[in-house]
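sequence first, predicted coordinates after that:
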Amino acid sequence: MIIKSNPGHVDTERIVLFAFDDHGLPFRNGVRLHLVGFKTPVDRTRIVVPLGEPGAPDSKRVIYYGTVLRVGGELWMWYLGQGDDDHWHQRVCLARSRDGYTWEKPDLGLVEYQGSRHNNLVDMLGGAHSIVACVVYHDPDDPDPERRFKAVIETKDRPRLFGVLFSSDGLRWREFDVGPGTPQCEPAGGTKFNGCYLLSAHGGSHFGAPRQLVTYLSYDFEHWIEASCLGLRRDDIPPRPYRETFAGGEQVHLGAALWNRGNVIVGLYGQWHGPANNDRRHVEMDLGLVVSNDGLHYSEPIPDFPMVAAAEDGMNHLPQPWNFKHASLAQGQGFENIGGETLYWYAPWPEQLSDGVRVATWQRDRLGYLQPFDRRQLQVPGGCHLISAPIDLGSRPAQVLLNIDGLSEYAQVTVEILSERFRPVAGYAAGDCLPLESGLRQPVAWRNRRLVDGTGGPIRIRLNYTGIRPEDPRLYAIYVEPAA
C-alpha cells in the first residue's frame, strides 16, 4: 500500500491515520484537534528502573539517554548508569521486561566493575569511555548477523562527535571507524524509515541556535552525511534576528524519540523553556509531540502542548544539584503498544536528578483525537467530516478499522469510500455503512461488504459525524490493513 501524503510515496503493509497527522487526514470540516497529555499525580511518579544496589554500576545515577526496543518476546532497555565511585563516568547498562512496567537487571557477566563481572553492563567500548547517549537500532533481518544490532553513541572524550557500533546480540559491541567526517550532534532517537537510517538530534551544521531538531541520514549505517536536515526550531525565526549561540527562550532539546508507524513518524522532544538570562538553574523542560511524514521535516500538531508535563512529576519537591528552581524531563528512544496501552519511557534531566526511568501511558494510540465543535456554537455546511489523503491499496482488498469512543444511539459516525478525485465509490456510501461501536480497533463494514476493493485505483476515506449529538464521538485513528 502506498499513501501519497509523502513526497517519497512510502510503501508500507499497514497505514495508520492519526488524528494529529494533517498529512494523512488533511481535509477537515468543523472538527477540532485535541491532544491527550500524560500527567502523574505529584509525588506519585512511577519509577520502573530505579537506582542499583550499593556497589552496582548504576547505584549513583540512572540516566535514560538510551533506547527501548522489542527483542523477541521481551523489551530491552539500554540505559546509562553511574556507580558510587564514578565521577561523571557513565556506562551502558541493560534491563529487560515483558510488560514495560516490571524490569529486571540481568547478570550479564560481560564487563568487570569493581572487581566483579556480576552486573548488567553491556560490553560497549569495554567501559573505557564515558558514554553520554546511546541510540540502538535492531535489524533482525540484516543478512550480516554481526550487524543485526546497530548503535550511535556520544562520548565525553569526543564531545558531540558520534560513534557507530555493531553487535550480533545487543550485548557485545564493536566500534566501526567512520573516519574524520563524523557529524556533530547530541542524539536522542532513531529509526529506519523507507530504507534509510535516520538519527534525530539537536545541534547539526545549520546556522542558528544549536538547540534545534536536526536529522542525519545513512543508507548503510557506515557512511553518514555531514550535512543535517533542519526539522524543527522553536527559537527566534526571521525576520527576528538569529541567535548563533546557546541562549534563553524556547528551544528544542536533544531532537526527538521516534516512533515509526510505517507511513508516519511520531516523536516526543524536549521543550526547552529557557529564561531570558540563559541561567540553566531556571530552565523548565516538558516533552512535546511532533509528527513527520518524510522523516526529515517535523511539525507540532498543537505548538507548545506538553504531552508529558514536568510539573506533575514531583521533582520540584526533591533536593537537586546546583540549586535548580524548576523540574525538567529528558526523552529517550522507545515507544511500545502493549495490549490496550501505549507506553513511553522517560527520565528527569540528568543535570537535575538521576534517580530512575519513568513510564508514561495512554490508551492504545490515543495520543490525540478529532472531535466536532459544539453544535450550539457552529453549524457547519455539509456536516462535520474529514477526508484522508489518497491511499493506493496495491490492487489488494483491505479492511478499515477505527480507534474511536463516544458513540451511542445519539451520536454515530459513518465511513464512506471515495475515489482519489473525491467521487463516491458504489457500495461504500455513508448510507451503506453499518452502525459502529466504541473501541480501540472497531472494524468498518458496509452492506454485504467487509473489505474495500483495491483494484479501482487510489481511494480516500471520508468519516462523517452524525446523530443529534455529533459532538460526542472522538476519533483517535483510522487503520487500513490487509485483509485478515
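That came through, no problem.

chain neighbours aside, what residue packs nearest to His223?
Spatially, and ignoring its direct neighbours in sequence, His223 is nearest to Val178 (7.7 Å; Cβ to Cβ, 6 or more residues apart in numbering). Using the backbone N, CA and C atoms, a C-beta is placed for each residue, glycine as well.

who touches the one you found in this structure?
By Cβ atoms under 8 Å, 6 or more residues apart in numbering, the contact set of Val178 is 163-164, 222-224.

quick one: buried ones out of these?
Among the contacts of Val178, those classed as buried by neighbour count (16 or more other Cβ atoms under 10 Å) are 163-164, 224.

pLDDT weak spots in the protein?
Along the chain, the model assigns pLDDT under 70 to residues 1-9, 41-44, 158-161, 179-182, 207-209, 237-247, 312-326, 374-378.

now the residue nearest to His223: how far from Ser218?
Using Cβ to Cβ, to the nearest Å, Val178 is found at 9 Å from Ser218.

now swap in Gly127 and tell me
Going from Gly127 to Ser218 by Cβ to Cβ gives 27 Å.

same question, Pro372
44 Å.

which one of these two has more residues nearby?
Between Pro372 and Ser218, counted using other Cβ atoms under 10 Å, the more crowded position is Pro372 (25 against 20).

show me the contacts for the residue lying closest to that one once chain neighbours are set aside.
Leaving aside its sequence neighbours, Pro372 sits nearest to Cys384 (Cβ to Cβ, 6+ apart; 3.8 Å). Residues in contact with Cys384 (Cβ under 8 Å, 6+ apart) are 29-31, 372-373, 464-465, 470.

neighbour-wise, which one of these leads?
Neighbour counts for those (other Cβ under 10 Å) peak at Tyr465, which has 27 neighbours.

which residue sits closest to that one, ignoring its sequence neighbours?
Closest to Tyr465 by Cβ to Cβ, 6+ apart is Cys384, at 4.2 Å.

ok, now how distant is that neighbour from Asp123?
The gap separating Cys384 from Asp123 is 57 Å, by Cβ to Cβ.

before we move on, what about Asn293?
38 Å.

comparing those two, which residue is more hemmed in?
The neighbour comparison of Asn293 against Asp123 (other Cβ under 10 Å) goes to Asn293, with 22 against 16.

how about that one, phi and psi?
As for Asn293, its main-chain torsions (degrees, to the nearest 10) stand at phi -110, psi 0.

cool, Asp355 as well?
Per-residue torsions, Asp355: phi -100, psi 0 (degrees, to the nearest 10).

what do you get for Ala310?
phi -70, psi -30.

thought it was touching His273?
No - with contact defined as Cβ atoms under 8 Å, Ala310 and His273 do not form a contacting pair (9.3 Å).

will you turn the contacts of Cys384 into TSV that also has distance to Gly55 and secondary structure?
As requested, these are exported to TSV (distance: Cβ to Cβ, whole Å; DSSP: H, G, I helix; E, B strand; the rest coil):
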residue	distance to Gly55	secondary structure
Asn29	63	strand
Gly30	62	coil
Val31	57	strand
Pro372	59	strand
Phe373	60	coil
Asn464	63	strand
Tyr465	60	strand
Pro470	62	coil
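
which residues are common contacts for Val178 and Ser218?
Trp224.

the helix or strand harbouring Ser200 pairs with which strands, and in what direction?
Ser200 is part of strand 196-203, with elements assigned from DSSP states H and E. Sheet pairing here is set by DSSP bridges, and for strand 196-203 it gives strand 185-193 (antiparallel), strand 213-218 (antiparallel).

which one's more surrounded, Ala310 and His273?
Just comparing Ala310 and His273: by other Cβ under 10 Å the higher neighbour count belongs to Ala310, 25 against 21.

dump the residue contacts of the more buried one.
So Ala310 contacts 284-286, 326-329 (Cβ under 8 Å, 6+ apart).

burial of the nearest residue to it once chain neighbours are set aside, as a residue count?
Distances taken as Cβ to Cβ, 6+ apart put Ala327 closest to Ala310, at 4.1 Å, once the chain neighbours are dropped. Per other Cβ under 10 Å, the neighbour tally for Ala327 reads 24.

from what I can see Ala327 touches Val308, true?
No - taking contacts as Cβ under 8 Å, Ala327 lies outside contact range of Val308: 11.3 Å.

does Gly195 touch Tyr219 like I think?
Yes - applying Cβ under 8 Å, one finds Gly195 in contact with Tyr219, separated by 7.1 Å.

look up how far Leu51 lies from Asn120.
13 Å.

who has more neighbours out of these two?
Asn120 (25 against 17).

run a quick neighbour tally on Gln151.
Not Gln; residue 151 is Ala. 27.

residues contacting it?
Ala151 touches 78, 124, 134-137, 164-167, 173, counting by Cβ under 8 Å, 6+ apart.

quickly find the element holding it.
Going by DSSP H and E, Ala151 is part of strand 149-155.

and that strand, which strands flank it?
strand 131-138 (antiparallel), strand 162-167 (antiparallel).

with distance to Gly267 added, can I get those strands in a markdown table?
Listed next are the strands paired with strand 149-155 as a markdown table, based on distance: least, Cβ to Cβ, whole Å:
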| stretch | distance to Gly267 |
| --- | --- |
| strand 131-138 | 13 |
| strand 162-167 | 19 |
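
which of those strands sits closest to Gly66?
Closest approach to Gly66 among the strands paired with strand 149-155 is made by strand 131-138 (5.0 Å; Cβ to Cβ).

perfect, I'm done here.
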